[in-house]
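# this one's structure only:
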């Protein structure tokens, strides 16, 4: 068996990317495609007709008539040869063709003898697969049958384009609905942990993932810790979940560490084959393959990572990557808001504590003023009365100089009493007990 000539690696990679953009591999049967395989079988008079799409290692049948298999290895595919051209490839007798005479599909079931395949080519020149007809006896197509197969092939490609547009619209609608749901969830969440858990549940279910986790940079900034973990209710991965909750990651280590270090999204087609994935053993045990992760930015720094896992092996999806980035941005804004709220609470608590301390000290000062005023006023009043008695001569006659000294002492007592009354007025003012009386005064007096 002669293998098909291979496209250059860059072109093959671009072709596979183009195929994945149609988001059609491994989808259920659809009547619109089944109508074309039935028509091809009827018009070409063959027992078998297929819409075959070529992935990296297999040909998968979107629609089939007369064949039970849903896929075959790409190495055996006649269609692998057909996609190298743009016109129908016809093999009249596979047993006499050097490329296929010893092909297991020729020497065994389904016993292919005749094959004709029309490439399904995109507008940018990539052949995704073929619309092909197969017979178990040697034969050739008539000109009319070739023309019909060509036209049907073009219509299948047009249907693929239409389906792609519809899928793209549905994905945009799903993305907008998810972003709205995430916004509502985060707005209603009272804590970072609660918001993280609800986000993982909503996004994981909407995007069809099996497992998800949110990682947050610890306070010291030396490692990533698992903030929340989620898995689909129908999917059981206890060992993987335990490892995710317990492990920490430094910069550059594992998926979270790589995203943290680079600040960019990461897509791993199969974590089982990734050399920098410490949870590989647990992922393999759970049947997890594809991982999609995106950074969480808070205050212009990468403050965490969101990651999701699936059991399928999927190539990078630009639209899904955009959805993940949008979710990461939303959670980053939520994180910044919640951290701001916590900072405000801490500030308010500190202010409240400071205010209580000021109130306590003010009360102490008030008590001190009040006590001081009363303690001074009582002996001062007694001293002034004593001076008055002496000045009135009740204690005996006074010399002029003695009378002058006593007069000074009396004036000092009166002045000190004014000061004490002022202190008492201050305490009355602070307690709201001071009465203010308004009087008219003349300016300049």
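Sure thing, it's come through. Just so you know, these numbers come straight off a predicted model, no measurement behind them.
# for the record, mean pLDDT for stretch 397-413?
The average pLDDT within stretch 397-413 is 80.
# sorry, wrong one. I was asking about stretch 368-376.
69.
# again, but for stretch 437-445
According to the model, stretch 437-445 has a mean pLDDT of 69.
# from residue 266, how far off is the residue of the chain most remote from its centre?
The outermost residue of the chain relative to its centre, with distances by Cα atoms, centre = their mean, is residue 397 at 101.2 Å. Applying Cβ to Cβ, to the nearest Å, the value for residue 397 to residue 266 is 110 Å. In short, each C-beta sits where N, CA and C put it, glycine included.
# residue 319 now?
16 Å.
# next one: residue 277
Residue 277 is 11 Å from residue 266, by Cβ to Cβ.
# give me the common contacts of these two.
Jointly contacting residue 277 and residue 266 under the rule Cβ atoms under 8 Å, 6 or more residues apart in numbering are 255, 291.
# and the host helix or strand of residue 304, which strands flank it?
For residue 304, the host element (DSSP states H and E) is strand 301-310. Strand 301-310 sits in its sheet next to strand 211-217 (antiparallel), strand 290-298 (antiparallel), going by DSSP bridges.
# what about it, distance to the chain center?
Offset of strand 301-310 from its chain centre (Cα atoms, centre = their mean, to the nearest Å): 7 Å.
# and stretch 327-339, by the same measure?
9 Å.
# list the buried residues in the helix-or-strand element of the chain with minimal mean pLDDT.
In the chain, no helix or strand scores lower on mean pLDDT, DSSP states H and E than helix 400-431, which sits at a mean of 76. Along helix 400-431, these residues count as buried under the neighbour rule (16 or more other Cβ atoms under 10 Å): 406, 409-410, 413, 420, 423-424, 426-427.
# need these in CSV with distance to residue 66, can you?
Formatted as CSV, those follow (distance: Cβ to Cβ, whole Å):
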residue, distance to residue 66
406, 137
409, 131
410, 131
413, 126
420, 116
423, 111
424, 112
426, 106
427, 106
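# the helix or strand harbouring residue 385 vs strand 211-217, what angle?
Secondary structure from DSSP H and E places residue 385 in helix 318-391. Going by axes from the mean of the first three to the mean of the last three Cα atoms, to 10 degrees, helix 318-391 is angled at 40 degrees with respect to strand 211-217.
# for helix 318-391, name the packing helices and strands.
helix 143-188, helix 192-207, strand 290-298, strand 301-310, helix 400-431 (3 or more Cβ pairs under 8 Å, 6 or more residues apart in numbering; DSSP states H and E).
# in a markdown table, list these along with distance to residue 34.
As requested, the helices and strands packed on helix 318-391 are exported to a markdown table (distance: least, Cβ to Cβ, whole Å):
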| stretch | distance to residue 34 |
| --- | --- |
| helix 143-188 | 11 |
| helix 192-207 | 29 |
| strand 290-298 | 29 |
| strand 301-310 | 28 |
| helix 400-431 | 91 |
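# tell me which of the ones you listed lies nearest to residue 357.
helix 400-431 (17.2 Å; Cβ to Cβ).
# and that closest one, how far from the chain's centre?
76 Å.
# same question for stretch 176-191.
Centre-to-centre, stretch 176-191 and its host chain are 11 Å apart (Cα atoms, centre = their mean).
# quick one: buried residues of that stretch?
In stretch 176-191, counting by 16+ other Cβ under 10 Å, buried: 178-179, 182, 185-186, 189.
# return the item of these having minimum pLDDT.
Lowest pLDDT among those: residue 179, with 86.
# so for that residue, what's the nearest residue that isn't a sequence neighbour?
Spatial nearest neighbour of residue 179, excluding adjacent residues (Cβ to Cβ, 6 or more residues apart in numbering): residue 326 at 5.6 Å.
# now residue 295
residue 302 (4.8 Å).
# also residue 223?
In space, residue 223 is closest to residue 248, 4.3 Å off (Cβ to Cβ, 6+ apart).
# so what's that neighbour bridging to?
Here residue 248, judged by DSSP bridges, has bridge partners residue 225.
# that one contacts residue 217, correct?
No - in this structure, residue 248 is not within contact of residue 217 by Cβ atoms under 8 Å, at 10.5 Å.
# can you give me the distance of residue 343 to residue 303?
Residue 343 is 14 Å from residue 303, by Cβ to Cβ.
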